[in-house]
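Enquirer: Structure for the following, please:
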Amino acid sequence: MEQVQDIARQVQRTYKRVTKQLAPYAPYITRGLFVATFVEDGVRVLTEMPHQIDFLHYEYKLPEWLAGFLLIVTVLLSFVGSGLLIAQKHAFKGKYEAVGAYLLLGCVTYQQLVYGRHSPIGSGNLGFLVRNLCLAGALLLFLAQSRIDEGRTALPGVPDPGNSVTMQSYLKLASRVLLVLLAMEFLTTMGWVGCVLTAPVVVAVAVGWYMTLSGTALLVLYLVHNVLNSAFWSLGDSYMKDVLRYEWVQTISIMGGLLMLVVNGPGELSVDERFRRKRF
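Expert: Now for the predicted structure:
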């Protein structure tokens, strides 16, 4: 066991040297990946506006003008929220970064409320809920980090238990748990070999053990699963192609949230932090 830990530490040190070189670009990469699903969703709604209006009209009995207005608002929220997250501190001095996270969180809530009973993905309503929870977990990280940078509490209306670092640690713990939920969705589709290989990685990320390695391994698993199960480019023009493209882009966004967690660390409430304290 000690030999395995030594090898893991050596790999982790090498990984950290590589990520240190990429650190200046990491925020743009993580945020670019994350907002992909919101941009794609906005574009898709615009190109399929008549079908979306018909769905809201017949499913929820909304007047067509109200359905169209609601769709335009959600598209604007998606684009504006994505832009504010991508811009970071380069626009408005970062003042509205948290607003961008709120807008995208509103988009996630809207999608779950409106389409939760009619899941547009292959894994059904539960899978759709799991994916939205993953996105919400990543948005918690963006929101908390932005507010703490501004000198405010990590979440609005919630007092910090001692200090902002403690609250951020709780949020990172919650985000870790939410971000591994996607793996739970596809564990059953990978057979017993896939379960044996994936389950330890999921547990390691959830408890924050060797986060850089376990998080990277989970990113690779997400990517492999995405390529194998959401290969929309292999289909012709069909409804399933649109479904798989939606799943593909949404998984890429979840990977962006997980990458942010890997780059920033698992927080105080993790096995890594516990081991670090013991060494010192």
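Enquirer: what's the burial count for Trp65?
Expert: As a burial measure, the neighbour count of Trp65 was computed by other Cβ atoms under 10 Å and equals 10. C-beta coordinates here come from the backbone N, C-alpha and C atoms, glycine included.
Enquirer: Make residue 1 into 41 and carry on from there
Expert: In the new numbering, first residue 41, that becomes Trp105.
Enquirer: Show the backbone phi and psi for it.
Expert: The main-chain torsion angles of Trp105 are listed as degrees, to the nearest 10 and equal phi -70, psi -40.
Enquirer: Can you give me every residue that contacts it?
Expert: Trp105 makes no contacts at all, as judged by Cβ atoms under 8 Å, 6 or more residues apart in numbering.
Enquirer: before we move on, what about the one 5 residues further on?
Expert: When contacts are counted by Cβ under 8 Å, 6+ apart, Leu110 is found next to 96, 102.
Enquirer: What distance do you get for it to Val233?
Expert: Here Leu110 is placed at a distance of 46 Å from Val233 (Cβ to Cβ, to the nearest Å).
Enquirer: same thing with Phe168?
Expert: From Phe168 over to Val233 (counting by Cβ to Cβ), the distance is 27 Å.
Enquirer: neighbour-wise, which of these two wins?
Expert: Phe168 (23 against 8).
Enquirer: wait, doesn't that one sit right on Arg157?
Expert: No - at 9.5 Å, Phe168 and Arg157 do not qualify as touching, with contact defined as Cβ atoms under 8 Å.
Enquirer: Remind me which helix or strand Val83 belongs to.
Expert: Counting by DSSP states H and E, the element that carries Val83 is helix 76-87.
Enquirer: residues touching the spatially most central residue of the chain, list them.
Expert: When the chain is reduced to its mean C-alpha position, the closest residue under Cα atoms, centre = their mean turns out to be Ile294, at 3.1 Å. Going by Cβ under 8 Å, 6+ apart, Ile294 touches 171, 174-175, 178, 219, 222, 262.
Enquirer: try Leu102
Expert: Residues near Leu102 by Cβ under 8 Å, 6+ apart: 96, 110.
Enquirer: now it, what's its secondary structure?
Expert: Three-state assignment for Leu102 (DSSP: H, G, I helix; E, B strand; the rest coil): coil.
Enquirer: Over to Leu124?
Expert: At Leu124 the chain is in helix, as set by three-state DSSP.
Enquirer: now the helix holding Val83: mean pLDDT?
Expert: Looking at helix 76-87 alone, the average pLDDT works out to 92.
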